[in-house]
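Colleague: have a look at this prediction, sequence included:
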Amino acid sequence: MARRAQAISLFIIVASVLVATAAEARSRLQDSSAPTPIVASTPTLAPFQHVRFCLHYPSECKSEAREIDRIDMNAEISGVLKRVNHDVNTTIAATVKNYGSDLRNGWTIAPASGDCNDYAVTKRHDLIESGLPARALRLSVVKTASGTGHLVLVVATSSGDIVMDNLTDAIRPWKSTSYRWLKIQSSTDARFWYEIKDPAMEANGSPMQRRFRLANQ
């Protein structure tokens with residue numbers, strides 16, 4: 001009887017260890033498949049037009065420390081994002097603005113016509129008005145595949161960082177775009193900006209490390 005009790009106890013211990021190991025493996029697998037967030041690196045200069053924008057619209061550049069910086073994605077939030085993205089894309093008529101020669105031109109909320117900057121700041125404004133936290137809504141400067149500068153809105157969610165863009169009604173994960181990511185608005189202070197760490201460069205090492213490897217091949 002004592003041996004049987006010992007055998008049962010041993011079986012329970014082994015089973016518990018196996019269950020815990022399986023759970024840990026599942027957790028590692030889930031973590032490895034989690035979306036890669038945008039990683040800010042060193043502080044950088046804010047776009048000059050964003051500085052002007054903050055002077056013209058100071059309430060758009062305030063930060064609330066108590067706000068969350070990542071939104072829990074659900075059907076309701078997804079619906080709000082799609083509605084705002086579509087409404088702004090169809091309401092503002094696309095035009096080219098020359099910021100260098102005409103100081104009257106600036107980033108504007110809800111103009112009748114505008115460029116990518118106006119689309120992005122309008123979407124951010126409308127989402128904040130809809131109750132979403134400003135800290136999770138960040139403007140980002142990118143370059144398109146053709147090398148053109150472009151401004152988009154990045155929404156930080158529990159499902160990953162997604163992009164609202166005037167060039168498409170599709171709201172895409174940031175890594176699913178063909179853009180080169182340059183800089184992004186700070187989540188803690190909307191007036192400040194950071195360079196974006198390039199995932200490809202991080203994976204391959206710094207330029208100096210890559211040159212060293214090539215020299216020693």
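Modeller: Cool, got the structure. For clarity, every value in this text was computed on a predicted model and none was experimentally measured. Numbering: from 1, shown residues only.

Colleague: so which residues of this protein form helices?
Modeller: 2-32, 48-56, 75-91, 116-129, 199-204, 207-215 (DSSP state H).

Colleague: kindly provide the distance from residue 40 to residue 194.
Modeller: From residue 40 over to residue 194 the distance is 4 Å, taken as Cβ to Cβ, to the nearest Å. All C-beta spots, glycine's among them, are computed from the backbone N, C-alpha and C.

Colleague: ignore what I typed, I meant residue 79.
Modeller: Look at residue 79 and residue 194: by Cβ to Cβ, they are 30 Å apart.

Colleague: for the two, indicate the residue with more neighbours.
Modeller: A side-by-side neighbour count of residue 79 and residue 194, using other Cβ atoms under 10 Å, places residue 194 first with 20 against 10.

Colleague: quickly list the domain ranges of this structure.
Modeller: 1-34, 40-204 (automatic domain parsing).

Colleague: check the average confidence over the last one, would you?
Modeller: Put plainly, it is domain 40-204. Mean pLDDT, domain 40-204: 94.

Colleague: what about that domain, distance to the chain center?
Modeller: Distance, stretch centre to chain centre, for domain 40-204: 9 Å (Cα atoms, centre = their mean, to the nearest Å).

Colleague: most tightly surrounded among the domains of the chain?
Modeller: When the domains of the chain are scored by mean count of other Cβ atoms under 10 Å, the highest mean neighbour count falls to domain 40-204 (a mean of 16).

Colleague: max-length strand in this protein?
Modeller: As assigned by DSSP state E, the longest strand anywhere in the chain is strand 149-157.

Colleague: which other helices and strands contact that strand?
Modeller: Under the contact criterion of 3 or more Cβ pairs under 8 Å, 6 or more residues apart in numbering; DSSP states H and E, strand 149-157 touches helix 116-129, strand 137-143, strand 160-165.
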